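> Return a 3D structure for these sequence lines:
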Amino acid sequence: MGKAKTTLRERHRSVHKVNSKDHDTSEILENSKHELVPYQKGLVLIGVFAVLLHTNTLLGGFVYDDARAIVSNPDVLQETSLSQVWVNDFWGKPISRVQSHKSYRPLTTLSFRANHAIHGLTPAGFHLVNVVLHAVVCCLFYTVVVHLSGNDIASFLSAVLFTAHSIHTEAVANAVGRAEILSGVFVLTSFLLYSKAIGNSSSMDSNLQVATNKYFPSWIFLLLSIICAGAAMLSKEQGITVLGICFIYDVLHLYETEQGNSPIGVLISIFSESSIQYKEFRKRTTMLMLTGMLLLGIRLQIMAGGKPIFNEYELPALGTNDTFARIATFNYYAAFNFQLLLFPLTQSSDWSYGSLPLIKQWEDSRWFYISFFYSLVVFALCISLWQSFRGHGNALFGMAWMLLTFVPSSNLLFHVGFVIAERVLYLPSMGYCLVVGVCIRQSLPRFPRFTSLVFSSLILFFCKQTFQRNAAWESDYTLHEVGAATLPKNIKLVTNFGMMQLERSKDVSRTNEERTKYLQSAEKTFRLGLQYVGEQRFPSLYFSYGNLLHQQGKLQEALVMYEQGLDRRDKTRTTLSLFNNLGMLQYKLQNFEKAEEAFLSSLSIDKNELSAHNGLAVLYASQKNNKAEHHFLEALRISPTYIEGLFNYGTFLASDSNRLLESKRQFERVLELNPSHSGAQQNMKYVEYNLERQ
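Numbering: from 1, shown residues only. This next block holds a predicted model:
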């Protein structure tokens, strides 16, 4: 951090020289302080490396949350005004609605809107912007590391580690991950501007004073830093943590410039010292606090006093009434996130449902995992504090960066609606790489071969993992195929993959052999889900498998699946679909009373359920029940363009020779909506023939 930082670094170097066991060690230490590559060339290398590593994302389509956030988002499709973007949530719905998820990222949405204005819904354009922005973040991170520690080997390798880290694949390969990347751009820019503001106001730092002039006083850099902090939050909520990062940096910078003062002395001086340095510090930190309060106030005002509604099954620890299980599991989630940063051997797009089971007792072996995690964090903080007391605060700063940016999405302070989301580790990984850079700087002079071997192996692993994970994000099918194989206990992933296989088995453009293969694969996938479902409440598995059995003509087995699904019913529309399909199946099996009971159960949940009205109408029509027409008309009132309802109502009317004209109008309407509807074409001929005979 300027001249003071350089002096401390030189002093640290001289101590090592004196204590070196031989001349070779001191020579390695000296070499490690030299530039590996010039700064400008380093920027180019980092940027090119980032782009090359993620080129295979350009082949991908819209995947996962892209459908809601981009493909069907009216704000992105330019179906709303620009002003509407600022009052809608990330999914294009009014954020004031009770049902809103309350995700507010207007700058990210505007960037999607710009993409759409240029090239429409071409996925490659969205992915290209993500890759370029990620390369910008990697270059900015390299600039931050060089600013903190100088342009030595460790700084360059720290930036290489960040660029290669496979935890970034979800943010880069998934188009909606741009929220994390764009926020990262503003976070790093805000920090660099803030550090410039410190340099321009510090009378202790002659190196940075060179840049001080009347055109760029420190308050301009401070103002620009605050603006970027606001932009970071408007790109992704996590971005507001940059204010805390800047505060920690300012405190550490102040302590390093006060070389002869103790930590307690510096703390006392912050509130009592009247020197320019301390006055400027108090002004800057006051601005940070006021900005934080203002941004939080704006965010709460935008939420209109509402809280996001989460699916308790997506976050099992939130849905349990067992306080012990909830606390233990949330802490396990935090430990697992740390493992993903350290060595992400297993990665997935979804970690909900059975991926990480609840910890319900002390005997669970994962308590060791949690204990190890917190012990390691405490140990690392102690070492970092000890080093900061000696004038080397980068390790502590890296730890603070990692923890500050992670805690808001950790579920430890408040719930965020997901178990694990790899994309939210984008900002914390910066702090992690800063800490690793410090470790490299410490270990390389002492254990050069070992350090080089470990680091090289880690980079190769990350590159391989990144390339493979990018390929997995090519389509929804490949993403769920990999996810189901990786986490077979995640019933959501397994069921969705089975449904995709089932859909492919119905694709008439495929050969019979391919369709049969997909049908068999779907059945195998659903059976895998039943093997791992346990106590999980996920009726979609039973609904989808029941549909497959129904398609195969195994009606009794399908009936069992639908009934088991209803035993595990939840608050989603799947419950309605189960009742409706059960009713239709009972009707086929001529269990008319049970069919009526199923349809009425569906209507008791939602009186405007289209399929239930249609099913009841068909059932009553077959029994010559006068209530049939009422339900036909109700279905068409709810949806006047409901083709199945129009066709069934027309067929019902055709049975009455006095209502043939009404029947004809229904079939005409069907053929307007779907000219190739063969049933309507045949029935129309029948009706016209009978009308001519009259």
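> what's the burial count for the nearest residue to M499 once chain neighbours are set aside?
Here the nearest residue to M499 in space, its sequence neighbours aside, is S544; by Cβ to Cβ, 6 or more residues apart in numbering that works out to 5.0 Å. In short, each C-beta sits where N, CA and C put it, glycine included. A count of neighbours around S544, defined by other Cβ atoms under 10 Å, yields 24.
> host element of S544?
Following DSSP states H and E, one finds S544 within helix 539-551.
> And the following helix or strand past that helix, what's buried?
Remark: after helix 539-551, the chain's next helix or strand is helix 555-567, criterion DSSP H and E. Neighbour-count burial for helix 555-567 flags A558, L559, M561, Y562, Q564, G565, L566 (criterion: 16 or more other Cβ atoms under 10 Å).
> I'd like to know which elements helix 555-567 is packed against.
When contacts are defined as 3 or more Cβ pairs under 8 Å, 6 or more residues apart in numbering; DSSP states H and E, helix 555-567 sits against helix 539-551, helix 574-588.
> The shortest one versus helix 574-588: what angle between them?
What that stands for is helix 539-551. Here helix 539-551 points in a direction 20 degrees away from that of helix 574-588 (axes from the mean of the first three to the mean of the last three Cα atoms, to 10 degrees).
> what's the distance between helix 539-551 and the middle of its chain?
Average the C-alpha atoms of helix 539-551, do the same for its chain, and the two points are 29 Å apart (Cα atoms, centre = their mean, to the nearest Å).
> Which of the residues in stretch 682-692 are classified as buried?
Neighbour-count burial for stretch 682-692 flags N683, M684, V687 (criterion: 16+ other Cβ under 10 Å).
> ok, now stretch 402-414?
Judged by neighbour count using 16+ other Cβ under 10 Å, the buried positions of stretch 402-414 are M402, L403, L404, T405, F406, V407, P408, S409, S410, N411.
> swap in stretch 630-642?
Of the residues in stretch 630-642, those buried by neighbour count under the rule 16+ other Cβ under 10 Å are H631, F632, E634, A635, L636, Y642.
> ditto for stretch 666-677
Under the neighbour-count criterion of 16+ other Cβ under 10 Å, stretch 666-677 has Q666, F667, R669, V670, L671, H677 buried.
> And for stretch 102-120?
Going by neighbour count (16+ other Cβ under 10 Å), the buried part of stretch 102-120 is 102-113, 115-116.
> okay, it in PDB with CA atoms only?
What follows is stretch 102-120 as a C-alpha-only set of coordinates in PDB (Å, rounded to 0.1, in the frame of the first residue of the first chain):
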ATOM      1  CA  LYS A 102     -37.900  -9.900  -4.700                       C
ATOM      2  CA  SER A 103     -34.700 -10.300  -6.800                       C
ATOM      3  CA  TYR A 104     -33.900  -6.800  -8.000                       C
ATOM      4  CA  ARG A 105     -31.100  -6.500 -10.600                       C
ATOM      5  CA  PRO A 106     -32.200  -3.800 -13.100                       C
ATOM      6  CA  LEU A 107     -28.700  -3.200 -14.600                       C
ATOM      7  CA  THR A 108     -28.400  -6.800 -15.400                       C
ATOM      8  CA  THR A 109     -31.900  -6.900 -17.000                       C
ATOM      9  CA  LEU A 110     -31.000  -3.800 -19.000                       C
ATOM     10  CA  SER A 111     -27.900  -5.500 -20.300                       C
ATOM     11  CA  PHE A 112     -30.000  -8.400 -21.400                       C
ATOM     12  CA  ARG A 113     -32.400  -6.000 -23.100                       C
ATOM     13  CA  ALA A 114     -29.500  -4.400 -25.000                       C
ATOM     14  CA  ASN A 115     -28.500  -7.900 -26.200                       C
ATOM     15  CA  HIS A 116     -32.000  -8.500 -27.400                       C
ATOM     16  CA  ALA A 117     -32.200  -5.200 -29.200                       C
ATOM     17  CA  ILE A 118     -29.000  -6.100 -31.200                       C
ATOM     18  CA  HIS A 119     -29.500  -9.700 -32.100                       C
ATOM     19  CA  GLY A 120     -32.800 -10.900 -30.700                       C
END
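> Distance from it to the middle of the chain?
Its chain's C-alpha centre lies 16 Å from the corresponding centre of stretch 102-120 when counted by Cα atoms, centre = their mean.
> now stretch 447-455
Averaging C-alpha positions (Cα atoms, centre = their mean) puts stretch 447-455 34 Å from its chain's average.
> Pretty sure H550 sits against N581.
Yes. Assessed by Cβ atoms under 8 Å, H550 is found in contact with N581 at 7.4 Å.
> between those two, which one's more packed in?
Neighbour comparison, H550 and N581: the larger count goes to N581, with 23 against 19 (by other Cβ under 10 Å).
> Quick check: closest non-adjacent residue to the more buried one.
Using Cβ to Cβ, 6+ apart and skipping the chain neighbours, the partner closest in space to N581 is Y562 (5.8 Å).
> And the one you found, how far from F526?
Here the distance between Y562 and F526 works out to 13 Å (Cβ to Cβ, to the nearest Å).
> same deal with V419?
For V419, the distance to F526 under the criterion Cβ to Cβ works out to 23 Å.
> what are the ranges of the helices in the stretch 151-300 of the chain?
When assigned using DSSP state H, counting those that start in this stretch, the helices of the stretch 151-300 of the chain occupy the ranges 153-164, 169-173, 178-201, 206-209, 218-235, 242-257, 263-272, 276-302.
> Redo these as a markdown table? Include mean neighbour count and distance to P488.
Shown next, in a markdown table, are the helices of the stretch 151-300 of the chain (neighbours: other Cβ atoms under 10 Å; distance: least, Cβ to Cβ, whole Å):
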| stretch | mean neighbour count | distance to P488 |
| --- | --- | --- |
| helix 153-164 | 25 | 29 |
| helix 169-173 | 28 | 20 |
| helix 178-201 | 25 | 28 |
| helix 206-209 | 15 | 56 |
| helix 218-235 | 21 | 35 |
| helix 242-257 | 22 | 39 |
| helix 263-272 | 12 | 51 |
| helix 276-302 | 15 | 39 |
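> re the thing from before, taking their axis directions, the helix holding S544 and helix 555-567 sit at what angle?
In terms of direction (the same axes, to 10 degrees), helix 539-551 departs from helix 555-567 by 170 degrees.
> Give me the contact list for helix 539-551.
If you take Cβ atoms under 8 Å, 6 or more residues apart in numbering as the criterion, helix 539-551 is touched by 491-492, 494-495, 498-499, 502, 506, 519, 522-523, 526-527, 529-530, 533, 555, 557-559, 561-562, 564-566, 568-570, 572, 574-575, 577-578, 581, 585.
> If you count neighbours, what's buried in that helix?
Judged by neighbour count (16+ other Cβ under 10 Å), helix 539-551 contains these buried residues: P539, S540, L541, Y542, F543, S544, Y545, G546, N547, L548, L549, H550.
> of those, closest to F397?
Checking the buried residues of helix 539-551 against F397 by Cβ to Cβ gives S540 as the nearest, at 46.1 Å.
> For that closest one, give its distance to G553.
Computed with Cβ to Cβ, the distance linking S540 and G553 is 22 Å.
> show me where the chain has strands.
Applying DSSP state E to the chain gives no strands.
> which residues of it score low on pLDDT?
By pLDDT under 70, the weakly predicted segments of the chain are 1-36, 98-99, 200-216, 258-269, 271-275, 304-314, 319, 389-392, 412-417.
> I'd guessed the residue nearest to N581 sits against N580; true?
No. Using Cβ under 8 Å as the test, Y562 is too far from N580 to be in contact (9.7 Å).
> Now do the contacts for the closest residue to L559 other than its chain neighbours.
Beyond its immediate neighbours in the sequence, the residue positioned closest to L559 (Cβ to Cβ, 6+ apart) is L585, lying 5.7 Å away. With contacts defined as Cβ under 8 Å, 6+ apart, the neighbours of L585 are H550, L555, A558, L559, Y562.
> Just name the closest of the buried residues of stretch 102-120 to N56, please.
In terms of Cβ to Cβ, no member of the buried residues of stretch 102-120 lies closer to N56 than N115, at 19.6 Å.
> residue contacts, that closest one?
For N115, the set of contacting residues under the criterion of Cβ under 8 Å, 6+ apart consists of V76, G125, F126, V129.
> Alright, I will stop here.
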